[in-house]
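K.L.:
here you go, sequence then predicted model.
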There are 2 protein chains.
Amino acid sequence: MADTINTDETNALIASNKVEGTTVYNVRGERIGTINNFMVDKISGQAEYAVLQFGGFLGIGADYYPIPWNILSYDVEQGGYVVDIDKDRLDAAPRYSDQEPSFDAQYNQQVYSYYGVN
Amino acid sequence: MADTINTDETNALIASNKVEGTTVYNVRGERIGTINNFMVDKISGQAEYAVLQFGGFLGIGADYYPIPWNILSYDVEQGGYVVDIDKDRLDAAPRYSDQEPSFDAQYNQQVYSYYGVN
């Protein structure tokens, strides 16, 4: 019953501001960063990228890695997202620091093909 | 070019944390609230609801109105979202205050049918 549940997620849905800040692990259980935010198609409402934040201190000097939404999975036991990306693979992944990319078609293709997603 | 643009949105995409806090107007240009957050399908990444916050002070006593994502449109000139909902119609709309609903199928149907969306 709704009045006994104080939740910002359900089986199916999660609140945008709960996604932000969630820890991301690789499949070996190593922490690789946190979700800074995610990029949503304005019209359709489809989440295209989660932006993984790694490194830096209080947001200064951090790197941001756009990751296709559909390679994220949520692990209830770890309480975080799991992606099948090793640290070595992340080292060579598309990233930005101060300036966000334009997320145009060319950039999209670069990211999606890096992660083997169409 | 990407290195000349410092943006958290593009023509097509917007950052989740930029959606949050954005002002919402009705079609007569009256401010009806702000987007508190939005609810996303965990698996598909589809945004189902934007949660309109209205009333209260510093988040205390505010009411939250889940609104189907696809009835929101963004108005560049106003710098906010526009929905075709009068204040009278909002008065009777599904809402919650302290306790979030479970957003189950029954609740979804209630909200979507209130706004005439399938």
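P.N.:
Alright, I've got the coordinates. Note that the coordinates shown come from a computational prediction; the quantities given were computed from them, not determined experimentally.
K.L.:
tell me the contacts of the nearest residue to A:W69 once chain neighbours are set aside?
P.N.:
The shortest distance from A:W69 to any non-neighbouring residue, by CB to CB, 6 or more residues apart in numbering or on different chains, is to B:G45 (4.0 Å). No exception for glycine: its C-beta is placed from N, CA and C like everyone else's. By CB atoms under 8 Å, 6 or more residues apart in numbering or on different chains, B:G45 lies in contact with A:38, A:46-48, A:69-70.
K.L.:
next: A:E48.
P.N.:
So A:E48 contacts A:38-41, A:68-69, A:103, A:108, B:13, B:45 (CB under 8 Å, 6+ apart).
K.L.:
in terms of secondary structure, what does the strand ranked longest in chain A contact?
P.N.:
Assignment by DSSP state E gives strand A:31-41 as the longest strand of chain A. Strand A:31-41 sits against helix A:16-19, strand A:23-26, strand A:47-54, strand A:63-68, strand A:80-83, strand B:13-15, helix B:16-19, with contacts defined as 3 or more CB pairs under 8 Å, 6 or more residues apart in numbering or on different chains; DSSP states H and E.
K.L.:
which secondary structure elements does the fifth one contact?
P.N.:
Contacting strand A:80-83 under the criterion 3+ CB pairs under 8 Å, 6+ apart are the following elements: strand A:23-26, strand A:31-41, strand A:73-75.
K.L.:
got the buried residues for stretch A:32-49?
P.N.:
For stretch A:32-49, the neighbour count (16 or more other CB atoms under 10 Å in any protein chain shown) marks A:32-40, A:42, A:45-49 as buried.
K.L.:
distance between stretch A:86-105 and the chain's centre?
P.N.:
12 Å (CA atoms, centre = their mean, to the nearest Å).
K.L.:
please apply the same query to stretch A:49-63.
P.N.:
11 Å.
K.L.:
mind checking how far A:A15 is from chain B?
P.N.:
5 Å (CB to the nearest CB, to the nearest Å).
K.L.:
what pairs with the residue nearest the centre of chain A across the strands?
P.N.:
Nearest residue to the geometric centre of chain A (CA atoms, centre = their mean): A:A50, 2.9 Å. Bridge pairing for A:A50 (DSSP bridges) gives the partners A:F38, A:I67.
K.L.:
what sits against it?
P.N.:
Here A:A50 is in contact with A:19, A:35, A:38, A:66-67, A:69, A:72, A:81 (criterion: CB under 8 Å, 6+ apart).
K.L.:
can you pull the pLDDT of it?
P.N.:
pLDDT, A:A50: 95.
K.L.:
give me the number of residues near the closest residue to A:Y74 other than its chain neighbours?
P.N.:
Distances taken as CB to CB, 6+ apart place A:Y81 nearest to A:Y74, at 5.6 Å, with adjacent residues excluded. Counted by other CB atoms under 10 Å in any protein chain shown, the residues lying close to A:Y81 total 23.
K.L.:
against A:Y49, how distant is A:Y81?
P.N.:
Taking CB to CB, to the nearest Å as the measure, A:Y81 falls 13 Å from A:Y49.
K.L.:
over to A:R28?
P.N.:
Using CB to CB, one gets 23 Å for the distance from A:R28 to A:Y49.
K.L.:
likewise for A:Q106?
P.N.:
15 Å.
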